[in-house]
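**Student:** coordinates only, sequence not included:
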């Protein structure tokens, strides 16, 4: 395996998850709640024109749907954290899943691309669907944060598992502010958009459920990125 990361590198798993979880929830709920409150107040008048009333009702419905889907996402993160979500492990080739995730990313985000260089090695025991979503989330988040919206992905096997590194020509380190401002479409219909902050919450929860981790990285010579570590088998509960 590659050397252990420097202690100063931000980690997206373990004890840091809970405060980040609360920060993301607060940020994600603030905008739709504020919009609903504003339009609900305007609806509580008799002098609102029919066209304006229709606009206000549409905004309330749209932001209510946004909150409902956010709650579903956060429930999924919670179920992954607590182990309540049953995994369906199969033997998977990480390189093939990364390429699939990169192809989906290119089709859902036409101006975003990833170059994949995956070595050979043993298959992983993992939930293939969740692991693909993990790669999609991390590669998409890193690539969309770059000026040219592109990223390079490398994957190599070690004695204990796989290490996947995603890098992009990003002059600044990815922060919570960057993640909460970014958006990324889901790979399945209806292709609704999640903030990259929510995507990364999902990614780290999926990695942790498989006994692995996700950490953000930054180096002046290579740019901003992320590193995923995954063991060969899922630890027993």
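**Tutor:** Arrived safely. In this text the structure is predicted, and so the values were computed from the model without any measurement.

**Student:** When you work out contacts or count neighbours from here on, use the C-alpha atoms and nothing else.
**Tutor:** Will do.

**Student:** how about the strands in the chain?
**Tutor:** Counting by DSSP state E, the chain has these strands, from start to end: 89-92, 113-118, 124-127, 150-157, 161-168, 183-185, 193-195, 213-219, 223-231.

**Student:** mind checking which of these is nearest residue 22?
**Tutor:** strand 193-195 (14.7 Å; C-alpha to C-alpha).

**Student:** returning to that earlier point: tabulate the strands of the chain in a markdown table, adding columns for distance to residue 23 and mean pLDDT.
**Tutor:** What follows is the strands of the chain, written out as a markdown table (distance: least, C-alpha to C-alpha, whole Å; pLDDT from 0 to 100):
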| stretch | distance to residue 23 | mean pLDDT |
| --- | --- | --- |
| strand 89-92 | 31 | 96 |
| strand 113-118 | 29 | 95 |
| strand 124-127 | 28 | 96 |
| strand 150-157 | 27 | 96 |
| strand 161-168 | 25 | 96 |
| strand 183-185 | 17 | 93 |
| strand 193-195 | 13 | 90 |
| strand 213-219 | 17 | 94 |
| strand 223-231 | 20 | 96 |
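
**Student:** Looking at the ones you listed, which is nearest to residue 61?
**Tutor:** Per C-alpha to C-alpha, nearest to residue 61 of the strands of the chain: strand 193-195, 16.6 Å.

**Student:** Distance from the chain centre to that closest one, please.
**Tutor:** Between the centre of strand 193-195 and the centre of its chain there are 9 Å (C-alpha atoms, centre = their mean, to the nearest Å).

**Student:** if we can go back for a sec, nearest to residue 140 among the strands of the chain would be which one?
**Tutor:** strand 183-185 (7.0 Å).

**Student:** Check the offset of that closest one from the chain's centre.
**Tutor:** 9 Å.

**Student:** Throw the strands of the chain into a markdown table and include mean neighbour count and distance to residue 36, thanks.
**Tutor:** Below are the strands of the chain laid out as a markdown table (neighbours: other C-alpha atoms under 10 Å; distance: least, C-alpha to C-alpha, whole Å):
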| stretch | mean neighbour count | distance to residue 36 |
| --- | --- | --- |
| strand 89-92 | 15 | 41 |
| strand 113-118 | 18 | 36 |
| strand 124-127 | 21 | 38 |
| strand 150-157 | 21 | 36 |
| strand 161-168 | 23 | 37 |
| strand 183-185 | 21 | 21 |
| strand 193-195 | 18 | 19 |
| strand 213-219 | 21 | 34 |
| strand 223-231 | 22 | 36 |
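
**Student:** Of those strands, give the one that comes closest to residue 79.
**Tutor:** Here strand 124-127 is closest among those (C-alpha to C-alpha), at 14.6 Å.

**Student:** Parallel or antiparallel, list what pairs with that closest one.
**Tutor:** Strand 124-127 pairs in its sheet with strand 89-92 (antiparallel), by DSSP bridges.

**Student:** And the contacts of the strand it pairs with?
**Tutor:** Contacts with strand 89-92, where a contact means C-alpha atoms under 8 Å, 6 or more residues apart in numbering, come from 123-128.

**Student:** Ok, stretch 71-82 next?
**Tutor:** Stretch 71-82 is contacted by residues 85, 198, 201-202, 205-206, 208-209 when judged by C-alpha under 8 Å, 6+ apart.

**Student:** who's in contact with the nearest residue to residue 225 once chain neighbours are set aside?
**Tutor:** Setting aside the residues directly before and after it, residue 225 is nearest to residue 167 in space (C-alpha to C-alpha, 6 or more residues apart in numbering), at 4.2 Å. Residues in contact with residue 167 (C-alpha under 8 Å, 6+ apart) are 142-143, 151-153, 222-226.

**Student:** That'll do, ta.
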